[in-house]
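S.K.: sequence and predicted model, in that order:
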Amino acid sequence: MSTGKLFQAERQGDVLIVTPLESISTLESRRARVELTGLAKPLREGELQHVLMDLENAPYFGTCMLELMHMLWRHTRTRGGKMVLCNVSKTGQDILGVAKLDTLWPICPSMVAGLDEIGKGS
Amino acid sequence: MSTVLVVDDLAVDRRLVTELLRADSTLAVQQANDGAEALAWIEQSPPDLVVTDLIMPHVDGLQLVRAVREKYPLVPLILMTSQGSEEIAVQALHQGAASYVPKRRLGQDLLDTVRRVLAVSARQRERSRLLGCLARSDASFILRNDSTLFEPLISYLQEGVSQLGLCDAGDCTRIGVALAEALANAMYHGNLAIDSYLRTENEEGYWFMVHQRVDQEPYCNRRIHVSAAMSRDEALFVVRDEGSGFDPLALPDPTDPANLEKSTGRGILLMRAFMDAVIYNSVGNAVTLVKRRSLNGALGKEAA
């Protein structure tokens, strides 16, 4: 498990589980990107295929987080992997729905359900 | 006279604490056997202060702190800690307990701690009563291109909206998200004149340019002007930059499947989703965000 100041990352099988440690506003964009790029190295290098993002500690977020999610998703896509979100708050679901990003990434109620979703058809 | 509720499952400890507190004739003391009984008491008649043990059956001290902070935020709690309850005490303090007194120091410290917490709490109640009379709040800020100022500004404005009772906590959060997007747009795309397309094409290049322009003329001399006019019915925020403006209608639709991977336009999309009105001036360097009081759960959105 790796822990930075804004994110925690751990592996489960070929899944990278990424957990923001707090709500990341658009104003922390650069710092968040630098940290997440480091934590996502196993994904970029092909050691891992899928991403599960646990948003339990991030009840709200802005375009910065959406772009970071995009970054992770692009890495999984090049490996034929999946990205799933879990523990998304009502506000978070509103944000993803408004941006139509809930059409790209399944939203699951828990980490277990998220891992099951990734496991389907893998 | 201030009422203090003492909560402890041990009768001898309850009696000791009660006697210590009754030495002050301005304190009227009640007792409860555990957290569940305490909650029933508080529901009937909220005291001015709760002094509670931590390790109790049914509803323990930590659960009591959570419940009281949620339902009766103006009632402070003091914890009585003993050996073995240190970890739960830390959790309870994080959950909002006002202070703590180790049981071995009750004789020396309890009364002073109670008086201090009651004094602070009395000021908070008075402030809360005064803020209940707040009808309107206006503010105006002129900021440098310094994103570290944005979070405290947003907190300040959210507090203003909250004090006026304009919206619930969820909407307050959404206002914060919309303001963060407006401020980021004003700084990066307005004052520093960095195209959002660059972020999609070359993110490293984008941040390199930000880093350069923050200290470079004319960009470093540009300011962000923020004004807020808040009343019980409506909050109106204007965020203006000193850049050359843009045409918001020229932005691609970020919800178009062809554009889902691009970052352009998403900030404005969130602003429009979370505010009742988003209005740009003709130049495109000032945006007005409006939030209205919601009536019967319906949003006060502009008619289409």
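M.R.: Here it is on my side, so go on. Numbering: from 1, shown residues only, chains lettered A, B, ... in the order given.
S.K.: measure residue B:182 to chain A for me?
M.R.: According to C-beta to the nearest C-beta, to the nearest Å, residue B:182 stands 10 Å off from chain A. All C-beta spots, glycine's among them, are computed from the backbone N, C-alpha and C.
S.K.: can you check the pLDDT for the residue nearest to residue B:259 when sequence neighbours are not counted?
M.R.: Leaving aside its chain neighbours, residue B:259 sits nearest to residue B:252 (5.0 Å; criterion: C-beta to C-beta, 6 or more residues apart in numbering or on different chains). Note for residue B:252: predicted pLDDT of 76.
S.K.: I'd say residue B:252 and residue B:268 touch.
M.R.: No. Residue B:252 lies out of contact with residue B:268 (C-beta atoms under 8 Å); the separation is 11.1 Å.
S.K.: between these two, which has more neighbouring residues?
M.R.: Ranked by neighbour count (other C-beta atoms under 10 Å in any protein chain shown), residue B:252 and residue B:268 place residue B:268 first, with 21 against 12.
S.K.: how close does the more buried one get to residue B:24?
M.R.: For residue B:268, the distance to residue B:24 equals 59 Å [C-beta to C-beta, to the nearest Å].
S.K.: check residue B:129 too.
M.R.: Residue B:129 sits 25 Å away from residue B:24, going by C-beta to C-beta.
S.K.: please say which of these two ends up with more neighbours.
M.R.: residue B:24 (14 against 9).
S.K.: the more buried one is in contact with residue B:111, isn't it?
M.R.: Yes. In this structure, residue B:24 is within contact of residue B:111 by C-beta under 8 Å, at 6.0 Å.
S.K.: what is the neighbour count of the closest residue to residue A:15 other than its chain neighbours?
M.R.: Of all residues not flanking residue A:15 in the chain, residue A:50 sits nearest, at 4.6 Å (C-beta to C-beta, 6+ apart). Using other C-beta under 10 Å, residue A:50 has 25 neighbouring residues.
S.K.: phi, psi of residue A:50?
M.R.: According to degrees, to the nearest 10, the main-chain angles of residue A:50 amount to phi -120, psi 160.
S.K.: next one: residue B:159
M.R.: phi -60, psi -40.
S.K.: ok, residue B:111 next?
M.R.: According to degrees, to the nearest 10, residue B:111 has phi -60, psi -40.
S.K.: wait, it sits on residue B:23?
M.R.: Yes. Residue B:111 is within contact range of residue B:23, at 6.7 Å (criterion: C-beta under 8 Å).
S.K.: per-residue confidence for residue 112?
M.R.: Using chain A. 94.
S.K.: looking at chain B here, not the other one
M.R.: For residue B:112, the pLDDT comes out at 94.
S.K.: so where is the chain shaky, pLDDT-wise?
M.R.: By default, I'm working from chain A. Scanning chain A with the threshold set as pLDDT under 70 gives A:2-4, A:26-28, A:121-122.
S.K.: you answered for a different chain; I wanted chain B.
M.R.: B:260-263, B:295-304.
S.K.: give me every residue in it lying close to chain A.
M.R.: For chain B, the residues in contact with chain A (C-beta under 8 Å from any C-beta of the partner chain) are B:147-148, B:150-151, B:154, B:170, B:173-174, B:176-177, B:180-181, B:183-184, B:199, B:203, B:207, B:210, B:254-255, B:257, B:260-261, B:263, B:266-267, B:269-270, B:273-274.
S.K.: show me which of those are buried.
M.R.: Among the residues of chain B next to chain A, the ones that count as buried by 16 or more other C-beta atoms under 10 Å in any protein chain shown are B:147, B:150, B:154, B:173-174, B:176-177, B:180-181, B:183-184, B:199, B:203, B:207, B:210, B:254-255, B:263, B:266-267, B:269-270, B:273-274.
S.K.: and the helix or strand containing residue B:177, C-alpha only, in PDB?
M.R.: Taking DSSP states H and E as the definition, residue B:177 sits inside helix B:169-184. Taking C-alpha atoms only, helix B:169-184 is exported to PDB below (Å, rounded to 0.1, in the frame of the first residue of the first chain):
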ATOM      1  CA  ALA B 169     -25.600  21.600   3.800                       C
ATOM      2  CA  GLY B 170     -25.800  19.800   0.500                       C
ATOM      3  CA  ASP B 171     -26.600  22.900  -1.500                       C
ATOM      4  CA  CYS B 172     -23.900  24.800   0.500                       C
ATOM      5  CA  THR B 173     -21.400  22.200  -0.700                       C
ATOM      6  CA  ARG B 174     -22.600  22.600  -4.300                       C
ATOM      7  CA  ILE B 175     -22.200  26.300  -4.100                       C
ATOM      8  CA  GLY B 176     -18.600  25.700  -3.000                       C
ATOM      9  CA  VAL B 177     -17.900  23.500  -6.000                       C
ATOM     10  CA  ALA B 178     -19.400  26.100  -8.400                       C
ATOM     11  CA  LEU B 179     -17.400  28.900  -6.800                       C
ATOM     12  CA  ALA B 180     -14.200  26.800  -7.000                       C
ATOM     13  CA  GLU B 181     -14.700  26.300 -10.700                       C
ATOM     14  CA  ALA B 182     -15.500  30.000 -11.300                       C
ATOM     15  CA  LEU B 183     -12.300  31.100  -9.400                       C
ATOM     16  CA  ALA B 184     -10.100  28.600 -11.200                       C
END
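S.K.: can you give me the strands in the stretch 51-200 of chain B?
M.R.: Secondary structure of the stretch 51-200 of chain B (DSSP state E, counting those that start in this stretch): strands at B:77-81, B:99-102, B:136-143.
S.K.: can you put the ones you listed in a markdown table and add mean neighbour count and distance to residue A:106?
M.R.: Shown next, in a markdown table, are the strands of the stretch 51-200 of chain B (neighbours: other C-beta atoms under 10 Å in any protein chain shown; distance: least, C-beta to C-beta, whole Å):
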| stretch | mean neighbour count | distance to residue A:106 |
| --- | --- | --- |
| strand B:77-81 | 23 | 42 |
| strand B:99-102 | 19 | 45 |
| strand B:136-143 | 13 | 40 |
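S.K.: just tell me which of the ones you listed ends up closest to residue A:80.
M.R.: Smallest distance to residue A:80 across these (C-beta to C-beta): 45.6 Å, for strand B:136-143.
S.K.: for that closest one, what is the distance to the chain centroid?
M.R.: Mean-position distance between strand B:136-143 and its chain equals 18 Å (C-alpha atoms, centre = their mean, to the nearest Å).
S.K.: cool, stretch B:47-62 as well?
M.R.: 26 Å.
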